[in-house]
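Colleague: just need the structure, nothing else, for what follows:
(one chain, ligands or ions: 2)
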Amino acid sequence: MTIKEICSHFAIGGEYVGCEENFSGNINNTFKVTFMRDGDIKEYILQKINKQVFTSPDKVMDNIVRVTDHIRSKVVKRCGCTRTGVLRAFPSLQGDSYYVVDDIGQYWRCYRYIKNSTTYDACDDLSLIEKMGVAFGKFQNDLVDFDASSLFITIPDFHDTKKRYKAFREAIALDPLKRVQKVEGEIAQLLEFEQKACQLQEHIDKKQIPLRVTHNDTKCNNVSFDKESGEVLAVLDLDTVMPGAVAHDFGDAIRFIANSRKEDDPNFKLVKIDLDKFESFAKGFVGEIKDLLTDLEKQTLVLGVFTMTVEVAVRFLTDYILGDVYFRNKYPGHNVDRTKNQIALAKDMLKNFDKMQEILQRYL
Ligand code: GN1
Ligand code: MG
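Modeller: Ligands and ions are numbered 1, 2, ... in the order given. As a prediction, the model looks like this:
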């Protein structure tokens, strides 16, 4: 089916004009689609859900719709308007589902695209970074009364660092493409990080940390802004919304936004944790949620920063060893560059661990 045909199955009106692919995600295929209605241009985001990664796209959409409905009710109370503030998915014309299955069994969904909105793959503006922190903090806050256990687990053990290490060891033992010998140094480094990187999961396993509704993919390009006013419009990419620890969301955001380089920059010698960016995000995020947090949650936020960085490095390297089957690779060896970059970042985080704790303490 063509993009135009797929669009015709969603409850969106007007004349189809065209579409443009966006390549920033590593998992799904994303298109910005333009329609003309009553002389006005209307834009939508159409996404093909990656079925290898999300084996039950219907459950992914169920989570997203329930969570966004819940946030919407909070947004209405706050400002009475729902044009912004939360992502909006469109239902299909056929029934009450929020996806369309095409002729070859692929699942598609459609979101509203807000005019004049933009996202940032990287950001040096500290005031915008603080707003990103506020946005992800509000997301937690708005969902504090949502029953996390009612969500479907769409990717089991997604941020279970211990299980990610287990899969890493299995990949190394299997070594199907004889790639292990090319990355022995990186493997050794990640194994050296293992004990510290698994401490957060130990707390979770012992139920010492509450499971909340977490976003689980808090990269800065998952917050949309108004291009002109610089105001936050919505938190995007809710595919992995599931029960999780607050340190996962905080940690993943910091590993992405406070990296002095992009996450896959091969110039990994220049990779550092930018403490000004750390502070700006922490100020925004913690400012929104500090009253909700238990002492142990507060104490493990910085640990989460290290954990999420090492965990994604383990995932990138596991994927390389298994033949680059999970993350979209733009060139051969892309996963290795990502791994080296994240290892360099994790090392610098260890050096700056106490400084991060000190900064965070000011806002807790
Ligand atoms: C994937 O494609 P994107 O940006 O939504 C991945 C995240 C990783 C990220 C690394 C479902 O996210 O967990 O942190 O790449 N999403 C999934 O860039 O695995
Ligand atoms: Mg994602």
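
Colleague: quick check: residues of the stretch 101-250 of the chain near ligand 2?
Modeller: If contact is defined as CB under 5 Å from the ion, the residues of the stretch 101-250 of the chain in contact with ligand 2 are Asp217, Asp237. All C-beta atoms are positioned from the backbone trio N, CA, C, and that covers glycine.

Colleague: tell me where the stretch 101-250 of the chain has strands.
Modeller: 107-112, 117-118, 212-214, 223-226, 232-235, 242-244 (DSSP state E, counting those that start in this stretch).

Colleague: which of the ones you listed sits closest to Asp274?
Modeller: Taking CB to CB as the criterion, Asp274 comes closest to strand 223-226 out of those, the separation being 17.8 Å.

Colleague: before we move on, back to that, so which of the strands of the stretch 101-250 of the chain is the most packed in?
Modeller: Of all those, strand 212-214 carries the top mean neighbour count, a mean of 25, counting by mean count of other CB atoms under 10 Å.

Colleague: name the helices or strands packed onto it?
Modeller: helix 126-142, strand 242-244, helix 246-257 (3 or more CB pairs under 8 Å, 6 or more residues apart in numbering; DSSP states H and E).

Colleague: if we go to 7 Å?
Modeller: When contacts are defined as 3 or more CB pairs under 7 Å, 6 or more residues apart in numbering; DSSP states H and E, strand 212-214 packs onto strand 242-244, helix 246-257.

Colleague: okay, the strands of the stretch 101-250 of the chain in JSON lines with mean pLDDT next?
Modeller: What follows is the strands of the stretch 101-250 of the chain, written out as JSON lines (pLDDT from 0 to 100):
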{"stretch": "strand 107-112", "mean pLDDT": "96"}
{"stretch": "strand 117-118", "mean pLDDT": "94"}
{"stretch": "strand 212-214", "mean pLDDT": "97"}
{"stretch": "strand 223-226", "mean pLDDT": "96"}
{"stretch": "strand 232-235", "mean pLDDT": "94"}
{"stretch": "strand 242-244", "mean pLDDT": "97"}
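
Colleague: nearest to Leu177, out of the ones you listed?
Modeller: Nearest to Leu177 among the strands of the stretch 101-250 of the chain is strand 107-112 (29.7 Å), distances taken as CB to CB.

Colleague: on that earlier part again, which of the helices and strands packed on strand 212-214 is buried the deepest?
Modeller: Comparing these by mean neighbour count (mean count of other CB under 10 Å), helix 246-257 ranks first with a mean of 27.

Colleague: ok now the longest helix anywhere in the chain, how far from the chain's centre?
Modeller: Criterion DSSP state H: the longest helix present in the chain is helix 57-79. Distance of helix 57-79 from its chain centroid, counting by CA atoms, centre = their mean, to the nearest Å, is 17 Å.

Colleague: what's near enough to touch the residue nearest to the spatial centre of the chain?
Modeller: In the chain, the residue lying closest to the centroid (CA atoms, centre = their mean) is Asp217, at 1.6 Å. Counting by CB atoms under 7 Å, 6 or more residues apart in numbering, Asp217 touches Asp237, Asp239, Thr240, Asp252.

Colleague: and the two most separated of the residues you listed?
Modeller: Most distant of these, by CB to CB, are Asp239 and Asp252, 13.5 Å apart.

Colleague: just the helices in this protein please.
Modeller: Along the chain, the stretches classed as helices by DSSP H are 3-7, 57-79, 126-142, 161-174, 184-197, 199-205, 246-257, 275-289, 295-299, 301-321, 334-351, 353-361.

Colleague: figure out which of those is closest to ligand 1.
Modeller: Among these, the nearest to ligand 1 by CB to the nearest ligand atom is helix 301-321 (4.9 Å).

Colleague: the closest one near ligand 1 at all?
Modeller: Yes: judged by CB under 6 Å from any ligand atom, helix 301-321 comes into contact with ligand 1 at Val312.

Colleague: buried stuff in that helix?
Modeller: For helix 301-321, burial by neighbour count (16 or more other CB atoms under 10 Å) applies to 301-321.

Colleague: report the angle between it and helix 161-174.
Modeller: Orientation note: helix 301-321 sits at an angle of 20 degrees relative to helix 161-174 (axes from the mean of the first three to the mean of the last three CA atoms, to 10 degrees).

Colleague: that older thread, I'd like the helices of the chain as a markdown table, with mean pLDDT appended.
Modeller: Formatted as a markdown table, these follow (pLDDT from 0 to 100):
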| stretch | mean pLDDT |
| --- | --- |
| helix 3-7 | 96 |
| helix 57-79 | 95 |
| helix 126-142 | 97 |
| helix 161-174 | 98 |
| helix 184-197 | 98 |
| helix 199-205 | 98 |
| helix 246-257 | 98 |
| helix 275-289 | 98 |
| helix 295-299 | 98 |
| helix 301-321 | 98 |
| helix 334-351 | 98 |
| helix 353-361 | 98 |
